[in-house]
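Novice: Everything below, folded, please.
(chains A and B)
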Amino acid sequence: MNIRNLLLTLLLILSSNAMFSQQISVEGTIVDNTDTPLPGVNVIIKGTTKGTSTDFDGKYKLTNVDSNTTLIISSLGFKTQEVLVNGRTVIDLTLEDNTAFLDEIVVTGVGQSQNKKTVSTALSTISSKKIEALPVSRPEAVLQGTSPGITVVQNSGAPGSPLTIRLRGAATPGSSQPLFLVDGVQVPDISFVNPSDIKSITTLKDGASAAIYGARGGNGVVLLTTKKGQKNDHLSVSIDGYTGFQNRLNTPNLLNRDQYVEYYNAYRTSVGQTTIAQSDIALLPNTNWYDVLFDDDPMKSFINASVSGGTGKSSYYFSGSIFDQEGLVGGKADKSGFERKTINFNFNTELKENLKLRLGANLIRVKQRRLPGENDDSVGAGNPFNQLAVLLPIFPVLDEDGNYYDVSAQNGPNSVNGVTIPGVNGPFNPLLAVDFSTIEDKSRNLFLNGGLEWKVIDNLTLDLNYGYYENLTTNKSFQEAYDFRNGTAPNGLASVSGTGNNQLDESYFDNRFNQFDATLKYDFEKLVGEDHNLELLVGTTALEEKNTFSTRRAVGLSKNTFDEANFALVGDQSKIISPVQGSDREGSLLSYYTRATYDYKRKYLFTASLRADQSSKFGPGNRTGYFPAVSGGWVMSEEDFFNQDSFVNLLKLRASWGINGADNIFDDQYRLYFNNTSNAIIGGSSVTGFTQAILPNPDVKWEEVAQTNFGLDVNAFNNALGITFDYYIKKTSGVLLPVGVPSYIGIPAAFKNIGEVENKGFEFLISYKKDYDNGFNWNVNFNIAKNDNEVTDLAGVNPLRDGQTLNFNDPISITVEGQPIASFYGYKVKEINANGELVFDDMVDGVAGLSNADRTIIGNAFPDFTYGFNFGLNYKGIDLGGFLYGSEGNDIYDATTRTDFSLSNRPASYLTNGVQNLLGNTAGSNLRDVSDFYVKDGSFLKLRTITLGYTLPQNAIKSIGLSHARLYVTGENLFVITDYEGADPEIGQANATSPLDIGIDRGFFPSAKGFIFGFQFKF
Amino acid sequence: MKINIKHIKKSFIISAFTIASFTACDSDDFLDQGSNTILSSNDITEDIDRLVVGAYDVLQWQNLGVNESFKKHIYPVMWQGIRADDMVSQYNNFWGAGLLLDDFALIQSNNSNIEALWSKWFAGVSRANTAIEALEVSTLDNKDRLIAESKFIRAFCYFELVRSFGGVPLYTKNPTANEPLEIPRATAEAVYDQVETDLRDAISDLEGKGATEIGRATRGAAQALLAKAHLAQGEYTEVLTYTNAIIASGEYQLESNYADIWNYSNEFGVESVFEIDYRSDITTDYFEAIGGRADGNSAYQVFGYIFNGANGGFGNGVPRPELIAMFENADTRKDASFIVPETILENGVQTCGCLIFNPDGTIDDSNQADWLPNSTDTYNFFWLFNNSSWLSRANSRKHTIPQAIASSLPTISQTDVNEKVIRYAEVLLMHAEASLFGAGANPAGQVAFDMVRNRAYAGTAPAMALTLENLKDERRRELATEGWNRFSDLVRWGDAATALAFKGFTPGRDELLPIPQSEIDIVGTAILPQNPGY
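Specialist: You can find the predicted model right below:
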């Protein structure tokens, strides 16, 4: 029988059934208790096998239904309901939650979603509920600890600063940033999204789930879905917001006044120098520079209002929000802060019964003020943070004239209250660093999204989507003229002298993404019988991105304030000194993909996908990459042999395999090209020269990430208990690195496919919830993930070194075969001998005598495992919930102690740690070699949030027109348990572009703790 | 319920159309993207002479370390001054780069400065190769001169390489993408042969002094460099051939006042044979300028008078007292070369602004009294060395800019000061030296020698016979701390072992720098055998 005959036969059967009854048709919408429509809900006529399931909008329609029959409405994770039709033609229903986490509708990418029960890949979802509970400035932050396998580390506690996100480990020494999509449209990051607009965030973790994003899914995929209005819904208005204050987390235990003087005197005595008299100590200040630099109780506030609703054919969602956060340092002086204003509009309508239009528009403005060198290795006045551990507690904050005290020794011996005290040469008063420069980023984001969904015939849908993302950022940075050496300062601030030069920098960033998708989906459900569910999808995506950047600088402006400094006011054009630096690039990606999803009786699950990607990053011969994936699942609990009365509700085994790619390299690596970035002085003027930019690599191609995943899902005890376990092996091959060309060729190397990285680990998630008849309910959720990272092959090229500091003689990190990416590399301390000297283990290389070869791996910044713990309980309107996040085994290289600065302060532990007192001069001592003396255990457990809320009773609020009112208070980071003595054990990358410089504490902007007070009102 | 096969077909057709619409607009076109700020081979045919500019750029490079602090400094004075006996690297907590060159035991094949030096000169070789290859097929009117300039640059780079490393990979055409990158070390002799060939070629096509824009290589520069290359090989007859030619050209003369050579407003003066031009106002990167677009000279910041009021230098390289002691007080070069406590700078007597580094590591400021030469430890002023002894209280004046000029700079890391690579005085001294070994010196060697000495003494110098020993001393005094000769001179004279014994010079090893280990790691020891002793 050919397909056509089969179809005709099926048609006949179906239509003959329909002809023998006198019946009505019933339709309606099924939603959950948050009014979110539920797709895939089974609507069955009782006593028959006849029925349907709801579509993506939660809608169903049943024709030829007996007017007195009963419908059974069921969906996994919800209490099954029976409804008497009783002649009604419209039956809308709200299903009551009966979930363990496993039964939910999850987004699976390219516009599709699926009941999680039938998913055979590894993905995890965070719902709006969880997101609302976390008062974060960037939505990415909610990924931390909420689902296993995702590590999120803050690079800096500065408001709005970027985060390092890794899904299942660092897959490559290059960028391991996952792919972000908002409502299906690729964006560079999701920082522009108002957290209140988020409906869910789904993370595709294994190769098979991410493979549909092929080339760009190699580091995992984060799918963010925004809230939409509901058809036939009454107008609903929500207003929510919070305000609160923050403070710093920990204060490192440095020598205080008395301790420092003791340590100083001991040193001075040892070199036969005068000491500070005991009687003078009381005359000296006892300054805690952390107290000085950090503001008290900077504020954080958020307000969001949204309106949503719908008519018979259309729905709308409109929201606006303002988020405003002051930095812990410089926040009060408006030198550090983050302000985001968003407007979001979503509109969905049915143009025709089978043609739906959706439109979305977001306009976002962000203003961010940053401190100089918030988390980098710059020194001097630039970076206030890496000076805090250096400054002496016996320095006053202000000098006798009320100016910032000059901590350096360059202006001669320092005297305080008549007592001569030492200076420290190099650092500056950190308050000065805050005052004399202002750095501001102003961004405008525009995000437009429009689509057409055309149900060509039953079961066949064509979806066209267009997305546009634009980010225009202006960075303005101004350093006031200041003469550091003379130290005289009008207004108690910086001194403007004729010799100082102020400096104005302005940079413009313009990033635009255009994306067009077409997806055709056919649901074979009706063709191949009730027991077979087959869905086939083909699609194409075209993506274009354009990035331009330009920057210019002027010095010696006559105006000396941030607000006044302005290029138009630079009178002498020769003071505009770098007028022509910039870049301008375009990139494109053209993709075709197909995916088949099949299950038999929801028992045997199978998906296969294939994507072909073409990237402009590669030459014509290597442009195309093919990324296949398969996954299978076996829902054992559906088998007949499985005891239906068992306490186990669901038992599912999963396996998946898939290949993704990555093309995180510069453009044009495959072809010969020239730069005009060289200059020489010819005839007395600067003349631009041309140089060959790279030795091209015509063979450069995709980095490949192959991942195998095994999973187990269990629901038990009436779905109260849920367990998910995943084990994965993720192998990256053809790692792209710009190496292999000896420098005697004189031309920089192009990126080459060399090297392999392996990540393997497991993820475990367990949850339990319990409801009592008196309305009390509670739930807990624990997750833990372990990942082992190893560079398995570097094709014989030199180890990659990174992590430069000024204090240490060598870079701190090494990326070498057989070790995790960016491990710490240095000497092992065998003992601290009787003289207090560090004795390094000289037999690491098996040869007596200390040599460079005795350096070895002494730690790495990746945690052995990370874990999260959530709990919640509700009773009579009172809710209490909390979230703890922990990391175990992450090493920190503590580079905050600056032994290269004579007489600088030390951690208090130096009084007792047995190390020789070399306060004044460490030259020639091995304290400046990279060694495990500085490697500290960074394990920690943080109480990220704890929230107490109260929902006002309905009868109390109805009279004032409210349908929902909740007040809450949340404590953030109220405690952190850690052995690490620095300001914050969460240490990410030195900056957004240095993935090999991680876990090195040079002194940085730590994260905050605090309280917020919030409300949620619905009308 | 009906299923219409035609509908399915129709929709598939529509969808296929949608998908095909991308393909139809030619996916290669769509994907042919990249940076718009780069130039293809076609883009540069109009301005092929810019490739020569790219090659000149390399000569300016003083630092290749991006975000690596001092780790990739490659100032000439480090290799010829600090590595030799003219200068000492200051206080070692402060500047590791110099420290590692100041003690032969510390010179290792993983030294990032040595890597940077190697990379710099090879970048020059490769850029010159690119320019020559492109120019040879071009139709530019002045292509012969531009090729000659490129060959001068290539010879300059190979001369520096062979002096520093011995025989190195020798190539005059760059490999293309698919060609092997393993280029074995040629012999030192072969490298010198290439240097000579390039310079001889260049001489015939280069212009005389003043005929082309300043900053470009001239005939005299090529002749002087060729003389120097022959001098390095002890080929004195050839040295005389080219010094005779330069002297006979009449294009050059000595500045009458030695200090004027370093006068800021007297660059490319009458004595200048080849200098590297710098300009201050292109970029204002705070720390020492790095590669590429940086067009200012940062040597003042690194080696200038330490903390000389506002915009002072770091004083990283300090003249050794033994060097200063070689000068008689009547020798005007002494005051022009060094800042010592007696020195009166342009802005007057120094009253303050310098530092005393106490043995305990604390730093005090100074006052007038500290500058007076009545202290018994004359040279105990500036830098603590190895925790125990004070080495020098002088500073290099040739690297110092008058306070008034320094104060007006946008940043002290970007100054106008040019590097004087070859001066006419050096041509005369080469002439005098070669005349000791060969006939045909015109004028006689003693005449040339006396010209240099008389200028130094601002008129008539005390008579001194031209002997090899006197010539060596005079050459050291005349070119002190300029950074292009001292170490190489000691090596070619065979004096290094004795003169540098005090800092652990090992004959047979320390004449040459180690080949960077990172390079050997890439191509193997068969291609790049390490120099002996490392």
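Novice: any idea how far chain B is from residue A:798?
Specialist: 5 Å (C-beta to the nearest C-beta, to the nearest Å). Where you see a C-beta, it was placed from the backbone N, CA and C, and this is true even at glycine.
Novice: Would you mind measuring from that residue to residue A:999?
Specialist: According to C-beta to C-beta, to the nearest Å, residue A:798 stands 22 Å off from residue A:999.
Novice: Give me the more crowded residue out of those two.
Specialist: For residue A:798 and residue A:999, the more surrounded residue by other C-beta atoms under 10 Å in any protein chain shown is residue A:999, and the numbers stand at 30 against 16.
Novice: What is the neighbour count of residue A:912?
Specialist: Using other C-beta under 10 Å, residue A:912 is surrounded by 7 other residues.
Novice: Then the one 10 residues further on?
Specialist: Look at residue A:922: counted by other C-beta under 10 Å, it has 19 neighbours.
Novice: can you confirm it is in a helix?
Specialist: No - Residue A:922 is assigned coil when assessed by DSSP: H, G, I helix; E, B strand; the rest coil, not a helix.
Novice: where do the strands sit along chain B?
Specialist: Counting by DSSP state E, chain B has strands at residues B:87-89, B:272-276, B:317-319, B:338-339, B:344-345, B:348-349, B:355-357, B:363-365, B:384-385, B:389-390, B:395-396, B:419-423.
Novice: Go through those and find the least confident stretch.
Specialist: Ranked by mean pLDDT, these bottom out at strand B:384-385, which scores a mean of 38.
Novice: Just give the nearest non-adjacent residue to residue 269, would you?
Specialist: In the absence of a named chain, chain A is used. Among residues not flanking residue A:269 along the chain, residue A:275 sits closest, at 6.1 Å (C-beta to C-beta, 6 or more residues apart in numbering or on different chains).
Novice: Chain B is the one I meant
Specialist: residue B:255 (6.0 Å).
Novice: Mind pulling up the pLDDT for the one you found?
Specialist: Residue B:255 is assigned a predicted lDDT (pLDDT) of 96.
Novice: Touching, it and residue B:268? I think so.
Specialist: No - taking C-beta atoms under 8 Å as the definition, residue B:255 is not a contact partner of residue B:268, at 11.9 Å.
Novice: Of the two, give the one with the bigger neighbour count.
Specialist: Between residue B:255 and residue B:268, residue B:255 has the larger neighbour count (other C-beta under 10 Å), namely 19 against 16.
Novice: Poorly predicted segments of the stretch 101-250 of chain B, please.
Specialist: In the predicted model of the stretch 101-250 of chain B, no residue satisfies pLDDT under 70.
Novice: For it, what lies in contact range of chain A?
Specialist: B:108, B:110, B:115, B:118-119, B:122-127, B:129-130, B:168-169, B:174-178, B:181, B:183, B:213-216 (C-beta under 8 Å from any C-beta of the partner chain).
Novice: What's the PyMOL syntax to select whichever of those are buried?
Specialist: In PyMOL, a selection of the buried entries from these looks like this (16 or more other C-beta atoms under 10 Å in any protein chain shown):
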select buried, chain B and resi 115+118+119+122+123+124+125+126+127+129+130+168+169+174+175+181+183+214+215+216
